[in-house]
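Asks: Here you go, sequence then predicted model.
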Amino acid sequence: MTGHLRALVAADQRRPLGRYLAASAGYAVSEGVAFGVLVPLLTALFAGHTATAGRWLLPLTAAAVAGWFAHYYLGSRALRCSSAWRRALYARLGDRLLTLPLGWFDGPRAGEVPQLVIGDVTRVATTVFLAQALIGAVLTPVTLGVFLLGYDWRIGLAALLAVPVVLVALTVGRRVTERLEAAQHAATTEAGARLVEFAGAQPTLRAAGHTAAGRADLDEALAGQYRATRRDVLGALPGQYLGQLGIHLTFTALLVTGLALATHHQLGPGRMVALVVLGISLLRPLDTLVDLGSGLRSCQASAQRIAELLAVEPLPEPATGGVIAHSGIEITDARFGYPGGPDVLTGLTLTIPAGRTTALVGASGAGKTTVTKLIARFYDVTAGSVRVGGVDVRELTSGDLLDHVALVFQDVYLLDASIEDNIRFGNPDATPEQVRDAARRARVDSIVARLPDGWASRVGEGGRLLSGGERQRVAIARALCKDAPIVLLDEATASLDAENEAAVHAALAELAVRRTILVIAHRLDTITRADQIAVLDGGRVVECGPHAELLAQDGRYAAFWRERERARGWRLRAEGAGPAGAPAGPADAPKEGLSVSG
Ligand SMILES: Nc1ncnc2c1ncn2[C@@H]1O[C@H](COP(=O)(O)OP(=O)(O)OP(=O)(O)O)[C@@H](O)[C@H]1O
């Protein structure tokens, strides 16, 4: 066991695993001994010395019985070691996932978690079985080699010289097969992906009347898969037979050596046959050895992925954090950039007063979401500070910070559970009355009224059975249920129908009572109702104040506002004059400058 694999064995598992490996070694040697004893037994039998042969039967039987018990013991031990290792890895991964910086889940590795937990852990745990097979494939031939050299150095030497030849033949054959299998696997994956894409695009393609579009890509991928499978089937055969050819040639060479010795009366026929059989037995496990090589490489790759995740450092935090004195937030001269990227915030300063609503506006990519993530400490600023309730977030425990903050994302993720459970998720200790009250205030009760099973209706994975606006209302109810004094909210950009729009606004108004709200505002209504509006540009707050004050400043915000007013007027005219279903105008077009919709 090497490198990352060894590093994944916990201290308390080392001893039982060591015992298991030692027992595997004992078993492998005893197998070699049992084969080795066959030689004097067969020699005596061929020579007609049945009494001598009978005497050799005793150690042979003893070795066979010991081997049987060892095999049984190893089987149950392997299962126990493997499942204990799997449990320990799950526990370590679970602990690590709990302490990973929240920002990690934003990054490219987050998508690998299911593969890591399901595939990689299982693969690493099966190394226990591979290790036993590996030990057998090495130690049994070594033992046989020792016996063979002791019985007849010439046949022993011939068999040992054949080892590298057979190993090279098997390895080359295996490489050829693996390369072809990899190409075939890639082609199959590609064809599968094209098929899924083709199926997924059907509604769009049919709606646009392009039923044949996308078919060419799919046909090409299927043809590629057929070609790769054909190459694999035809090309893998020589690869597979190359190794076998090596073994057969070696068998012939051993037989010729034995026959030559027997012809020159240097070896009896019985002994010659027994030694040749022993020589072949020495070479057989090499096939397994080469097979195990590729299995072991994939286990090591899995171990490396797990080790990399376990090595991700949590953000440092104190054992006992400071005391959050109020629900105001101060961001001072904050700089931040995502790993490997340019700075998104370049010295941002913003005071978010307690109990008030602050709207963040700015062009797409200006860093509005990033500001909320720094407050919830998904990441740490690289310079400057973020203070919540007067305390730097780095001096708070993550538990304390997240107890005070509720997050309502734009792409709300709901659990595939009932609406009630989804709301309770914000506060597992909430009473049924508190849950219903939060739901009522977030206008979720009207959603419940139209669902077939009422409160018990499941919302589907991610909440797919609800509309975007409805999902956000459930998320607001969840935040109300949590009753955190600070709410960070990314308003839905999706266009909402009139009922949802009104309900979301009513829910937001409930949320704003007594709470500090930082809202990434996309709607003019939300912006104008905010106590203050912070305009982000170039990684800084360039203007901050109430709507009327910012308009009076006649700066960036005022320019944006005039633009929106013009767009709204244009839209009203277009709606009044245009044909039914005509585009509504710039209000629905991709936004330039500040990101809001009217
Ligand atoms: N996890 C991430 N890793 C790397 N870069 C990121 C990540 N999240 C955001 N960014 C980049 O940081 C910049 C600011 O992104 P952010 O999401 O904060 O902007 P935004 O103002 O909220 O934009 P929008 O209004 O479009 O949501 C963008 O250039 C974005 O590409």
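Replies: Here it is on my side, so go on. Residues are numbered from 1 along each chain as shown.
Asks: Give me the distance between the nearest residue to P546 once chain neighbours are set aside and D453.
Replies: Counting by C-beta to C-beta, 6 or more residues apart in numbering, P546 lies nearest to Q532, which is 5.7 Å off, once chain neighbours are set aside. Heads up, the C-betas are built off the backbone N, CA and C, glycines and all. Using C-beta to C-beta, to the nearest Å, Q532 is found at 43 Å from D453.
Asks: re the thing from before, please tell me I have it right and the residue nearest to P546 contacts V541.
Replies: No - using C-beta atoms under 8 Å, Q532 makes no contact with V541, being 10.4 Å away.
Asks: List the residues that contact the nearest residue in space to T127 that is not next to it in sequence.
Replies: Using C-beta to C-beta, 6+ apart and skipping the chain neighbours, the partner closest in space to T127 is C299 (4.7 Å). Counting by C-beta atoms under 8 Å, 6 or more residues apart in numbering, C299 touches L5, R123, V124, T126, T127, L130.
Asks: which of the residues you listed sit farthest apart?
Replies: L5 and T126 (11.3 Å; C-beta to C-beta).
Asks: When those two are compared, which one has more neighbours?
Replies: Ranked by neighbour count (other C-beta atoms under 10 Å), L5 and T126 place L5 first, with 20 against 17.
Asks: Let me see the mean pLDDT of the helix or strand hosting the more buried one.
Replies: Assigned by DSSP states H and E, L5 falls within helix 3-7. Helix 3-7 carries an average pLDDT of 80.
Asks: buried sites along it?
Replies: Within helix 3-7, the residues that count as buried by 16 or more other C-beta atoms under 10 Å are H4, L5.
Asks: same check, this time on stretch 175-184
Replies: Buried residues in stretch 175-184, counted by 16+ other C-beta under 10 Å: V176, T177, L180, E181, A183, Q184.
Asks: So what's the gap between that stretch and the chain middle?
Replies: Relative to the chain's own centre, stretch 175-184 is displaced by 25 Å; criterion: C-alpha atoms, centre = their mean, to the nearest Å.
Asks: show me the contacts for A169.
Replies: L242, G243, L245, G246, I247.
Asks: mind checking how far the first one is from the ligand?
Replies: Using C-beta to the nearest ligand atom, to the nearest Å, L242 is found at 48 Å from the ligand.
Asks: Over to that residue: give its phi and psi.
Replies: Backbone geometry at L242, expressed as degrees, to the nearest 10, gives phi -60, psi -50.
Asks: ok, for it, nearest residue in space, not its chain neighbours?
Replies: Nearest one to L242, counting by C-beta to C-beta, 6+ apart, is G173 at 3.7 Å.
Asks: The one you found against G243, yeah?
Replies: Yes - between G173 and G243 a contact is recorded at 4.1 Å, counting by C-beta under 8 Å.
Asks: ok, the residue of the stretch 51-200 of the chain found nearest the ligand - how many residues close by?
Replies: Nearest to the ligand in the stretch 51-200 of the chain, going by C-beta to the nearest ligand atom, is D106, at a distance of 3.8 Å. Other residues near D106 number 14, with proximity taken as other C-beta under 10 Å.
Asks: Now do the contacts for the residue nearest to it when sequence neighbours are not counted.
Replies: Sequence neighbours aside, F378 is the residue nearest to D106 in space, at 6.6 Å (criterion: C-beta to C-beta, 6+ apart). F378 sits next to P101, L102, G103, D106 when contact means C-beta under 8 Å, 6+ apart.
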